[in-house]
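> Just to be clear, the model below is a prediction. Sequence and coordinates:
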Number of protein chains: 2
Amino acid sequence: MKMISENKAFGGRHIRYRHRSEVTHCDMTFAVFLPPFANKDNPVPVLYWLSGLTCTDENFMQKAGAMKWAADLGLALIAPDTSPRGEDVPDDESGDYALGLGAGFYVNATEEPWKQHYQMYSYVTEELPALVESALPVTNERAISGHSMGGHGALVIALRQLNRYVSVSAFSPIANPIDCPWGKKAFSAYLGKDKSGWEDYDTSVLISQRQHTIPMLIEQGTADQFLTQQLKPERLLNAAQRSDTAITLNMHEGYDHSYFFIATFIRNHLEFHASHLGLI
Amino acid sequence: MKMISENKAFGGRHIRYRHRSEVTHCDMTFAVFLPPFANKDNPVPVLYWLSGLTCTDENFMQKAGAMKWAADLGLALIAPDTSPRGEDVPDDESGDYALGLGAGFYVNATEEPWKQHYQMYSYVTEELPALVESALPVTNERAISGHSMGGHGALVIALRQLNRYVSVSAFSPIANPIDCPWGKKAFSAYLGKDKSGWEDYDTSVLISQRQHTIPMLIEQGTADQFLTQQLKPERLLNAAQRSDTAITLNMHEGYDHSYFFIATFIRNHLEFHASHLGLI
């Protein structure tokens, strides 16, 4: 694990690391924010942040304004990349930003040519936590959040990885990927035409299957240009009603899909996770 | 003046505008953040933010985390571009980021080929305020701040434009451009080899010439890679001592030249300006 850069911020440290991944078979980059006073003798819990289409580890750290609140709360932030990267990693041939590089969808691909590298589900849930928990002053107390494709990823992971995350939240998540254009294209490529495997990566399906008790907080802007075609947050409410699962979905008048929306409400999410992580 | 984009943020609005400039003879883009409740019947004072080398109107709005505090304080933010732009606007032929596009240095160029478009001093001090004060719900109560090249610009403007700005602040300003590599190269190109005109654009010279009473707040990180060669903040203290001018220069252990540093301390600067603008 090699440090690429380090910046002091809000009394803590923002550090970018690169490491060889055994899971995605390429070099992976991730960013961490360590709050003030985090050290070997005082490890801190972690909020994992999964970013959306086209993002890298940098967008959240630069644009969300989250570090201020993480520093105040004593919470570490970890932002992985959104896909494998490198010259030998396949990309969508048509250049579609919603498939290939920057668009790993947090699944383990089963199909050629994707399956050798596109193993983002295992990377985010297993390899990355094991790495950071051994190398950085963080505990194994984890919460998870994300935006858009990363909101989908955070919800799917928290719903499947029972007891690995204490709370989950999302901004503008792709709520029902098996039934939207982005999800159908990505899942067809990564998981194949046989749709039987798709449901394991669909938040609405997972919620509808049984009652979930993990605390779940979701924000959505009403002026989001992807709201009706891609995101479909109402599917979450329908699914939650079927399984008697409690979720909080806040609809915000006039907000769009951008990081300006995330920045506006990120404090609430950090405090939500901090409360479940026992920090406040 | 044409709206390019609009995002709701922190209950207010982030808007990017493009307009034809009579001063720089090209289309100029700038960004504004209007806090909640700013409207024709309730115009609000403005903090102008001048960005550093390579930046556009976007960096500050996306990375500084300033909107939260501006929204709380009832302060508008306006971020102009850092140079003229367009196909017929000359750029440095060697591709140096410190001259030409993205590097207007907030001067009025007197030399060929720069002088037709590189009139950023007049643009920022006259044309832009007149435009926004006629078209947007803002008052003519102005404060000014900036980063690096923009810190230089903010200080020079506030020191020369008496009574036009109520307070000035800067992050990591180029304090003595007539005696650092960035400044010498830019001023040679824009202002010519005759150095007699350079001093009008040099903060340390301007401060040393007479006592200034405008409230002045400066932040500087000790781990800034440009500290000793380009920025030279100690020159400000020497100049202030000569003219018996009061300035506050805060040196911050371990902070670098990035927006992570700005984000850490921007709240203090907005509150400083808000207090002088009568908002708190």
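Arrived safely, thanks for sending. Residues are numbered from 1 along each chain as shown, chains lettered A, B, ... in the order given.
> Does the residue of the stretch 51-200 of chain A found nearest chain B belong to a helix, a strand or coil?
Using C-beta to the nearest C-beta, A:Gly65 is the residue of the stretch 51-200 of chain A that sits closest to chain B, at 4.0 Å. C-beta: built from backbone N, CA, C; applies to glycine. Three-state assignment for A:Gly65 (DSSP: H, G, I helix; E, B strand; the rest coil): coil.
> Return the residues in contact with it.
A:Gly65 sits next to A:Ala263, A:Ile266, B:Gly65, B:Lys68, B:Ala263 when contact means C-beta atoms under 8 Å, 6 or more residues apart in numbering or on different chains.
> Show me which residues of the stretch 101-250 of chain A are close to chain B?
Contact residues (C-beta under 8 Å from any C-beta of the partner chain) of the stretch 101-250 of chain A with chain B: A:Gly221, A:Ala223.
> All the strands of the stretch 101-250 of chain A, in order from the start?
Along the stretch 101-250 of chain A, counting by DSSP state E, counting those that start in this stretch, strands occupy A:138-146, A:168-171, A:216-221, A:248-252.
> how about the ones you listed in a markdown table, adding distance to B:Tyr48, mean neighbour count and mean pLDDT?
Formatted as a markdown table, the strands of the stretch 101-250 of chain A follow (distance: least, C-beta to C-beta, whole Å; neighbours: other C-beta atoms under 10 Å in any protein chain shown; pLDDT from 0 to 100):
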| stretch | distance to B:Tyr48 | mean neighbour count | mean pLDDT |
| --- | --- | --- | --- |
| strand A:138-146 | 35 | 23 | 98 |
| strand A:168-171 | 31 | 30 | 98 |
| strand A:216-221 | 29 | 24 | 98 |
| strand A:248-252 | 29 | 14 | 98 |
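> Provide a list of residues in contact with the spatially most central residue of chain A.
Nearest to the mean C-alpha position of chain A, counting by C-alpha atoms, centre = their mean, stands A:Leu50 at 2.2 Å. Residues near A:Leu50 by C-beta under 8 Å, 6+ apart: A:79-80, A:82, A:106, A:124, A:144-147, A:149-151, A:153-154, A:157.
> nearest to B:Lys8, of those?
Nearest to B:Lys8 out of the contacts of A:Leu50 is A:His147 (C-beta to C-beta; 16.2 Å).
> Surely the closest one touches A:Leu53?
No. Here A:His147 does not reach A:Leu53: they are 9.4 Å apart, not a contact under C-beta atoms under 8 Å.
> which one of those two has more residues nearby?
More crowded of A:His147 and A:Leu53, by other C-beta atoms under 10 Å in any protein chain shown: A:His147, with 28 against 23.
> which residues does the more buried one contact?
Counting by C-beta under 8 Å, 6+ apart, A:His147 has contacts A:Trp49, A:Leu50, A:Ser51, A:Gly52, A:Cys55, A:Phe60, A:Ala170, A:Phe171, A:Ser172, A:Pro173, A:Tyr259, A:Ile262.
> Find the residue closest to the third one in space, skipping its chain neighbours.
So that's A:Ser51. A:Gly150 (4.7 Å; C-beta to C-beta, 6 or more residues apart in numbering or on different chains).
> Could you tell me the end-to-end distance of stretch A:66-86?
29 Å (C-alpha to C-alpha, to the nearest Å).
> Enumerate the positions of it that are buried.
Neighbour-count burial for stretch A:66-86, counted by 16 or more other C-beta atoms under 10 Å in any protein chain shown, picks out A:66-85.
> and stretch A:105-122, how far out from the chain's middle?
Centroid separation between stretch A:105-122 and its chain, computed with C-alpha atoms, centre = their mean, to the nearest Å, is 16 Å.
> so what pLDDT did the residue lying closest to A:Gln225 once chain neighbours are set aside get?
Of all residues not flanking A:Gln225 in the chain, A:His257 sits nearest, at 6.0 Å (C-beta to C-beta, 6+ apart). Looking at A:His257, its pLDDT reads 98.
> Give me the number of neighbouring residues for A:His257.
Look at A:His257: counted by other C-beta under 10 Å, it has 22 neighbours.
> about what we covered before: does the residue nearest to A:Ser51 touch A:Tyr106 like I think?
Yes. Using C-beta under 8 Å, A:Gly150 is in contact with A:Tyr106, at 7.4 Å.
> neighbour-wise, which of the two wins?
A:Gly150 (32 against 25).
> check contacts around that one.
Listed by C-beta under 8 Å, 6+ apart, the contact set of A:Gly150 reads A:Trp49, A:Leu50, A:Ser51, A:Gly52, A:Cys55, A:Thr82, A:Tyr106, A:Ala170, A:Pro173.
> Kindly report the same for A:Ala66.
Counting by C-beta under 8 Å, 6+ apart, A:Ala66 touches A:Phe33, A:Trp49, A:Phe60, A:Leu77, A:Ile266, A:Leu270.
> measure the residue in chain A sticking out farthest from the centre to A:Pro137 for me?
Note on chain A: the largest C-alpha distance from the chain mean falls to A:Asp41, namely 28.0 Å (C-alpha atoms, centre = their mean). Noted for A:Asp41: a distance of 8 Å to A:Pro137, by C-beta to C-beta, to the nearest Å.
> Then A:His19?
In terms of C-beta to C-beta, A:His19 sits 17 Å off from A:Pro137.
> before we move on, what about A:Glu93?
43 Å.
> which of those two has more neighbours?
A:Pro137 (17 against 8).
> Now do the helices in the stretch 151-280 of chain A.
Remark: helices assigned in the stretch 151-280 of chain A by DSSP state H, counting those that start in this stretch are A:181-191, A:203-209, A:234-243, A:259-276.
> TSV please, covering these and showing mean neighbour count.
Listed next are these as TSV, based on neighbours: other C-beta atoms under 10 Å in any protein chain shown:
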stretch	mean neighbour count
helix A:181-191	21
helix A:203-209	22
helix A:234-243	17
helix A:259-276	22
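> Any chance of a markdown table for those helices, columns distance to A:Phe37?
Formatted as a markdown table, the helices of the stretch 151-280 of chain A follow (distance: least, C-beta to C-beta, whole Å):
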| stretch | distance to A:Phe37 |
| --- | --- |
| helix A:181-191 | 41 |
| helix A:203-209 | 35 |
| helix A:234-243 | 37 |
| helix A:259-276 | 15 |
